[in-house]
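1. this is a predicted model, with the sequence first.
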Amino acid sequence: MRTYHQLTDPDRSGLLDQILTQRRRVADRLAGVRRTVAVMSGKGGVGKSYVTAHLARALAREGSSVGVLDADLNGPTIPRLLETPHAAHRTSDEGVEPATGLDGVKCISMALLLEDGAPLAFRGPSAESFVWRGAMEASALREFLGDVNWGNLDTLLLDLPPGMQRYIELCDILGKPPAVLTVTIPTPESRDAVRRAMRAAVEQGSEIVGIVENMVGREFTGTAADDLAKEFDRPVVARIPWHPTADTWSALATRL
Amino acid sequence: MKFLCVDCDQQMAFGERQLPGDGTLAATFKCPTCGRVVALLTNPMETQLVSSLGVVIGGKTVPAQPLETVRTMVATGRDDAFDESSEPRGHSAGHNGSLTWSVDAQERLGRVPNFVRGMVKKIYADYAKERGIAEITPAIMDTARAELGLEGM
């Protein structure tokens, strides 16, 4: 009996072609984006979204056109940090218009699409939803990249949730690994978690643009950023105190 | 996904796709040599897995819509998340240009959740325009739904 690759007639479903078309849609959409940077950490609660939002605003204040894609689909916080007003997204054949937050930062987030306080829930069979839910979230991420009218941007920041899953999906969707900015707090626990994430990013081929150490100067003690900088030979681009000023974020923006 | 007629050693050709509305999917394939037809039947979980990839067995019947998977699959979307007013003329309910929606069709469309309604409306309007249909009625919506395989629309 012949096997799949021995059948040479085209496959009417063309599932592979459909997937490739999706990827082309993303590539075409991001053609006007000069730099895509994923803000990530292997650790939750280190302030990724906080750093992302303030970095975006600082870049915008310096004159860059900036967008933020909130890739934390289940715990989206970027619109609140950017004080994005709630307004319906204008939609046309060309795509969906992003919202605009403080300092003109463009933004798309599940928080802008979900009912107030509602969790992200999908239609479909509830039993064994683990089988398809991950793929559904990856599709949502792909559509945020490919269907939003980002226009010409100097920088598109992607605020990733804790863990590595969304980063791996991102690499697949983009077709190449994005640059990565890692965020840690000073503690050794954070260092160990972030190390795993950085190793995975390096193995995927991402450029690590730098390490941000957040929540510096009070209860959290340790040398996580310096340890990681030495281990990966990457710079510590910012140490963010508990009460940063606009100058703190401007300094970070300048280093990127 | 390909099907082989083992007796004839021939690749079977895709026939049709049916979405009965219970979350399952049926797709038929026919052997071009002996005419044998087989049906691929997927359970709701398998159908959902394919849907979650944003692909369609049998090929896409309508162009990809912006945020299509999000809008059709998210169950907790805001009613006012999208503004379709920037759509091309002729997509509004009621009389607009050469395309009208019957009262019954408007009522049926009104039962579609706001989160996805604009997208659904546009698909039906494009379907009608491409076929020179002047008025969208529930019958036209049924035909479009069957032809295009628009489950839940």
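-> Happy to help now that I have it.

2. give me the buried positions along stretch B:15-23.
-> For stretch B:15-23, the neighbour count (16 or more other CB atoms under 10 Å in any protein chain shown) marks B:17-19, B:23 as buried. For every residue, glycine as well, the C-beta is placed using N, CA and C.

3. do stretch A:131-147 as well
-> A:132-133, A:135-147.

4. if we check chain B, which of the residues you listed are in contact?
-> For chain B, the contacts drawn from the buried residues of stretch A:131-147 by CB under 8 Å from any CB of the partner chain are A:132-133, A:135-136, A:139-140, A:142-144, A:147.

5. Serialize those to JSON lines and add fields for pLDDT and secondary structure.
-> Shown next, in JSON lines, are those (pLDDT from 0 to 100; DSSP: H, G, I helix; E, B strand; the rest coil):
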{"residue": "A:132", "pLDDT": "89", "secondary structure": "helix"}
{"residue": "A:133", "pLDDT": "91", "secondary structure": "helix"}
{"residue": "A:135", "pLDDT": "92", "secondary structure": "helix"}
{"residue": "A:136", "pLDDT": "93", "secondary structure": "helix"}
{"residue": "A:139", "pLDDT": "95", "secondary structure": "helix"}
{"residue": "A:140", "pLDDT": "96", "secondary structure": "helix"}
{"residue": "A:142", "pLDDT": "96", "secondary structure": "helix"}
{"residue": "A:143", "pLDDT": "97", "secondary structure": "helix"}
{"residue": "A:144", "pLDDT": "97", "secondary structure": "helix"}
{"residue": "A:147", "pLDDT": "96", "secondary structure": "coil"}
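
6. who in the stretch 51-200 of chain A is up against chain B?
-> A:87-96, A:112-116, A:118-125, A:127-128, A:131-133, A:135-136, A:139-140, A:142-144, A:147-148.

7. part of a strand, is residue B:16?
-> Yes - counting by DSSP: H, G, I helix; E, B strand; the rest coil, residue B:16 falls inside a strand.

8. thinking it is in contact with residue B:28, fair?
-> Yes - applying CB atoms under 8 Å as the test, residue B:16 and residue B:28 come out as touching, 5.4 Å apart.

9. centre of the chain to the helix or strand containing residue A:202, how far?
-> Residue A:202 is part of helix A:188-204, with elements assigned from DSSP states H and E. Averaging C-alpha positions (CA atoms, centre = their mean, to the nearest Å) puts helix A:188-204 16 Å from its chain's average.

10. which residues touch it?
-> A:40-43, A:46, A:164, A:167-168, A:171, A:177, A:180, A:182-184, A:208, A:211, A:220, A:222-224, A:227-228, A:231-232 (CB atoms under 8 Å, 6 or more residues apart in numbering or on different chains).

11. that older thread, now the buried members of the residues of the stretch 51-200 of chain A next to chain B.
-> A:88-92, A:95-96, A:112-114, A:120-125, A:132-133, A:135-136, A:139-140, A:142-144, A:147-148.

12. OK, contacts around residue 29?
-> Using chain A here. By CB under 8 Å, 6+ apart, the residues touching residue A:29 are A:95, A:145-148, A:150.

13. let's do chain B instead
-> B:3, B:12-15, B:37-40.

14. if we can go back for a sec, format the CA atom coordinates belonging to the helix holding residue A:202 as PDB.
-> In PDB, the C-alpha atoms belonging to helix A:188-204 read as follows (Å, rounded to 0.1, in the frame of the first residue of the first chain):
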ATOM      1  CA  PRO A 188      18.300  33.200  43.400                       C
ATOM      2  CA  GLU A 189      14.900  31.600  42.900                       C
ATOM      3  CA  SER A 190      14.100  34.000  40.100                       C
ATOM      4  CA  ARG A 191      17.600  33.600  38.700                       C
ATOM      5  CA  ASP A 192      17.200  29.800  38.400                       C
ATOM      6  CA  ALA A 193      13.900  30.100  36.700                       C
ATOM      7  CA  VAL A 194      15.000  32.800  34.300                       C
ATOM      8  CA  ARG A 195      18.200  30.900  33.500                       C
ATOM      9  CA  ARG A 196      16.000  28.000  32.100                       C
ATOM     10  CA  ALA A 197      14.100  30.500  30.000                       C
ATOM     11  CA  MET A 198      17.200  32.100  28.700                       C
ATOM     12  CA  ARG A 199      18.800  28.800  27.800                       C
ATOM     13  CA  ALA A 200      15.700  27.800  25.900                       C
ATOM     14  CA  ALA A 201      15.800  31.200  24.100                       C
ATOM     15  CA  VAL A 202      19.400  30.800  23.200                       C
ATOM     16  CA  GLU A 203      18.800  27.300  22.000                       C
ATOM     17  CA  GLN A 204      16.000  28.500  19.700                       C
END
